[in-house]
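3D model of this:
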Amino acid sequence: MSATCPHSDPFRMRCAVPVAGGVLAVARAGPPPDHADAVVLAIHGITANMMAWASVARELARYRVTMLAPDLRGRGESAALRGPYGFAAHVADLLAVLDHAGVQRAVLAGHSMGAYVAARLAAEHPERAAGLVLVDGGASFDGIAPQAAAAGHALTVGTAMARHAMTFPSAEGYVDFWRQHPAFAGAWNDDVEAYVLHDLAGKPGAFRYVINTDAIETDSRELLSDPINRSAIDRTHGAIRLLRAPRGTLDDEHPMIPRPLLDAFTARHPAADLDEVAGVNHYTLLLGESPGPPRVAAAIEATARTTTSG
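A predicted model of the protein is given here:
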């Protein structure tokens, strides 16, 4: 647990949204949508879950903004949801979330792969998008060689697959395993712990990280191979804010959005607002005790304010 006062769960409401094949788990933070100044639909990354947005949701409490944060199909409390999988299924699921909440337009915020899903949703259904907030993802990229695709797949999916194959004697043991992750050194707090535990299931002696491997395999393949997903942001219109972490998934010097990709993004989208957040990595830009979550929350609020006032 964190050395400071324990954090309460910002997601006070949970609901099950009917989608193709079953129901999607969705968390809500903030006021009911019809009492809010704006709604943000928060979309997590490829192997993440809804609790990745907990730190940002807490920061948004100072604004009259509702956050809807689903566990994407195949993850978290939506892990048992059967196919279809892939980006088209995510877009359909997210439209169902907005419809279920009675929300016509929302700020679409996505982290990592979730940024590409947000961009595709905005490109295909612009009437539902009140603006885009891309968190260390979403920048278009060209087709890549098979070797590079394999390396990208191993980076994003391989570690999750290995973790899925492991068993842990206790929840505490699983938390201790995650505490060794270099991305969270110095940033660990109750929000990170809640994020880690959200994917854990089982009983003493046989706890496991729960994820649908077919779902993440499909998402990885579609992101890396399908130009519809890789370049969705270039087919969108409206306000775009991109937040970039200077460090990578292992708190290394290889950012998720390399400088050439960032330069290409700014050339294609000169009106986009760019925020390069110092002192964060791919994870802590969104989650944990770091400068990242307040900056993401501010970007969401600014996008909502700009689009509602305009």
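
contacts, neighbours, all on C-alpha from now
Fine.

next, Asp93: secondary structure please.
Of the three states, Asp93 takes helix according to DSSP: H, G, I helix; E, B strand; the rest coil.

nearest residue to it other than its sequence neighbours?
Excluding the flanking residues, the one nearest Asp93 by CA to CA, 6 or more residues apart in numbering is Val19, at 6.0 Å.

beta partners for that neighbour?
For Val19, the beta-bridge partners are Gly22 (DSSP bridges).

any idea how far it is from Ala119?
As for Val19, its distance to Ala119 is 21 Å (criterion: CA to CA, to the nearest Å).

pick out whichever of these two has more residues nearby.
Here Val19 and Ala119 are compared on neighbour count by other CA atoms under 10 Å; more neighbours surround Ala119, at 36 against 17.

quick one: residues contacting the more buried one.
Listed by CA atoms under 8 Å, 6 or more residues apart in numbering, the contact partners of Ala119 are 132, 138, 232-233, 236.

that one belongs to a strand, doesn't it?
No: Ala119: not assigned to a strand; according to three-state DSSP it is helix.

now, which of the contacts of Ala119 sits nearest Ala272?
Leu132 (9.7 Å; CA to CA).

give me the phi and psi for that closest one.
phi -120, psi 130 (degrees, to the nearest 10).

neighbours of Met271, just the number please.
Not Met; residue 271 is Ala. Ala271 has 12 neighbours, counted by other CA under 10 Å.

so where does it fall, helix or strand?
Under the criterion DSSP states H and E, no helix or strand holds Ala271.

tell me the contacts of the closest residue to Ile211 other than its chain neighbours?
With CA to CA, 6+ apart as the criterion, Ile211 has its nearest non-adjacent residue at 5.1 Å, and that residue is Arg75. Listed by CA under 8 Å, 6+ apart, the contact set of Arg75 reads 47-49, 199, 210-212.

repeat that for 10 Å
Arg75 is in contact with 24-25, 44, 46-50, 81, 198-199, 210-213, 215-216, counting by CA atoms under 10 Å, 6 or more residues apart in numbering.

do Asp99 as well
Here Asp99 is in contact with 17, 93, 105 (CA under 10 Å, 6+ apart).

bridging residues for Tyr209?
Leu200.

thought it was touching Gly173?
No: look at Tyr209 against Gly173 with CA atoms under 10 Å: they stay out of range, at 12.0 Å.

who touches both of these two?
The contact lists of Tyr209 and Gly173 share Thr167, where a contact means CA under 10 Å, 6+ apart.

out of those two, which sits in the more crowded spot?
Ranked by neighbour count (other CA under 10 Å), Tyr209 and Gly173 place Tyr209 first, with 22 against 13.

what pLDDT does the more buried one get?
Note for Tyr209: predicted pLDDT of 94.

show me what contacts it?
By CA under 10 Å, 6+ apart, Tyr209 lies in contact with 76, 160-168, 174, 196-202.

the same query, at a cut-off of 6 Å, please.
Tyr209 is in contact with 164, 199-200, counting by CA atoms under 6 Å, 6 or more residues apart in numbering.

so how far is Ala298 from Arg38?
Arg isn't right for residue 38; it's Ala. Separation of Ala38 from Ala298 (CA to CA) stands at 13 Å.

of the two, who's got more company?
Legend: neighbour count by other CA under 10 Å for Ala38 and Ala298, higher for Ala38 (25 against 15).

okay, that one and Glu301: tell me how far apart.
The value you get for Ala38 to Glu301, if CA to CA is used, is 8 Å.

what's the closest of the contacts of Tyr209 to Ala61?
Taking CA to CA as the measure, Asp199 is the one of the contacts of Tyr209 closest to Ala61, at 24.8 Å.

partner strands of the strand or helix carrying Ala109 and their direction?
According to DSSP H and E, Ala109 maps onto strand 106-111. Strands that pair with strand 106-111, judged by DSSP bridges, come out as strand 38-43 (parallel), strand 129-135 (parallel).

and the contacts of the last one?
If you take CA under 6 Å, 6+ apart as the criterion, strand 129-135 is touched by 105-111, 115, 122, 238-243.

got the contact list for Glu289?
Neighbour list for Glu289: Ala187 [criterion: CA under 6 Å, 6+ apart].

change the start of the numbering to 32 and stick with it
Taking 32 as the first residue, the last one we looked at is Glu320.
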